[in-house]
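Student: Build me a model from this:
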Amino acid sequence: MASFRKALKSRQRNHHERSQPEFRKHFGLLEKKKDYKLRAEDYHRKENTLAALRKKALDKNPDEFYYNMISSKLQDGVHIPNKPKEEVEVTEEQKRVMRTQDIKYVEMKRVAEAKKIERLKGELHLLDAGSKEKNRHTFFVDSKAEVQSFDLAKHLDTAPELVDRVFNRPTLKTLETKSIQGVVAPRHLRKLAKQRNHQYKILTQRIDREKKLFVISQKIQTRKDLQDKNNKVKVKKETPNASAIYKFEVKRKR
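Tutor: Next up is the predicted model:
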């Protein structure tokens with residue numbers, strides 16, 4: 001049987017799909033089964049989508065509220081959002097009151113930042129501050145040879161990790177016997193230094209924020225003054241770090 005099947009296959013001809021007849025060439029290519037399958041699948045997909053949308057529309061509650069009902073209108077089958085309403089006119093008196101409230105709010109935030117800065121400065125005591133001038137400690141030796149072999153850690157009787165510190169520099173004996181501010185061994189110093197640097201970074205950020213709030217308060221106050229006074233002359237332009245400076249005509253108050 002196996003040899004018969006092999007012989008039967010060898011006699012079979014390759015299958016060729018039917019081409020478009022000559023007299024129907026103007027209709028284009030003849031649709032094959034794979035083309036029909038794609039067209040049928042697309043048709044049924046659209047049919048199922050329309051059926052699902054029709055069911056959704058039938059199940060919809062007519063009393064349900066949507067914001068699109070009042071914020072858009074249907075034009076040629078497309079939802080178009082309504083135009084925004086015109087801005088309400090605000091009187092000069094109302095603007096002055098609003099700016100006064102803004103100044104009070106900004107000042108409140110600035111005072112809060114200033115208090116936090118003072119508290120942080122009190123906790124850190126500005127230790128190892130970059131702007132602080134470093135103190136000089138001079139050691140005297142008898143010869144140049146002693147200068148080259150001079151060991152600062154040995155001379156101060158402390159750990160080499162503590163030499164660069166300007167505060168809390170305990171001796172080796174103290175480190176072995178006592179606990180200094182929670183530091184038992186020099187290996188903890190690196191962790192404490194990292195925490196201290198983080199606190200200094202927070203302090204720097206708060207100082208910058210307080211300066212920015214002060215500049216914002218000045219700019220709001222300048223705009224408020226411009227509403228109340230006339231005959232002004234600009235002396236200095238406004239910059240990101242400072243408000244504009246105006247010179248007003250002096251008027252005598254009765």
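Student: From now on I want contacts and neighbour counts done on CA atoms only, so please keep to that.
Tutor: OK.
Student: so what's the closest residue to Asn241 other than its chain neighbours scoring on pLDDT?
Tutor: Nearest non-adjacent residue to Asn241, counting by C-alpha to C-alpha, 6 or more residues apart in numbering: Val215, 6.4 Å away. We have a pLDDT of 88 for Val215.
Student: Val215 and Lys201: what is the separation?
Tutor: 22 Å (C-alpha to C-alpha, to the nearest Å).
Student: returning to that earlier point: do I have it right that the residue nearest to Asn241 meets Ala242?
Tutor: Yes. Assessed by C-alpha atoms under 8 Å, Val215 is found in contact with Ala242 at 5.8 Å.
Student: Distance from the helix or strand Ala112 falls within to the middle of the chain?
Tutor: In this assignment (DSSP states H and E), Ala112 forms part of helix 92-124. Offset of helix 92-124 from its chain centre (C-alpha atoms, centre = their mean, to the nearest Å): 23 Å.
Student: Tell me the first helix or strand C-terminal of that helix.
Tutor: helix 144-148.
Student: So for whichever helix or strand comes after that following helix, mean pLDDT?
Tutor: Next along the chain after helix 144-148, taking DSSP H and E as the criterion, comes helix 152-156. Averaging pLDDT along helix 152-156 yields 78.
Student: Now do helix 152-156: which elements does it pack against?
Tutor: The contact analysis (3 or more C-alpha pairs under 8 Å, 6 or more residues apart in numbering; DSSP states H and E) places helix 152-156 against no helix or strand.
Student: which residues touch that helix?
Tutor: 159-160, 163, 171 (C-alpha atoms under 8 Å, 6 or more residues apart in numbering).
Student: let's see 6 Å
Tutor: Pro160 (C-alpha atoms under 6 Å, 6 or more residues apart in numbering).
Student: Which strands or helices does the following helix or strand past it pack on?
Tutor: Sequence-wise, the next helix or strand downstream of helix 152-156 (DSSP H and E) is helix 172-177. Applying 3 or more C-alpha pairs under 6 Å, 6 or more residues apart in numbering; DSSP states H and E, we find helix 172-177 packed against no helix or strand.
Student: Can you mark which positions in helix 172-177 are buried?
Tutor: 172, 175 (16 or more other C-alpha atoms under 10 Å).
Student: before we move on, what about stretch 98-115?
Tutor: So, applying 16+ other C-alpha under 10 Å, buried residues of stretch 98-115: 99, 102-103, 106-107, 110, 113-114.
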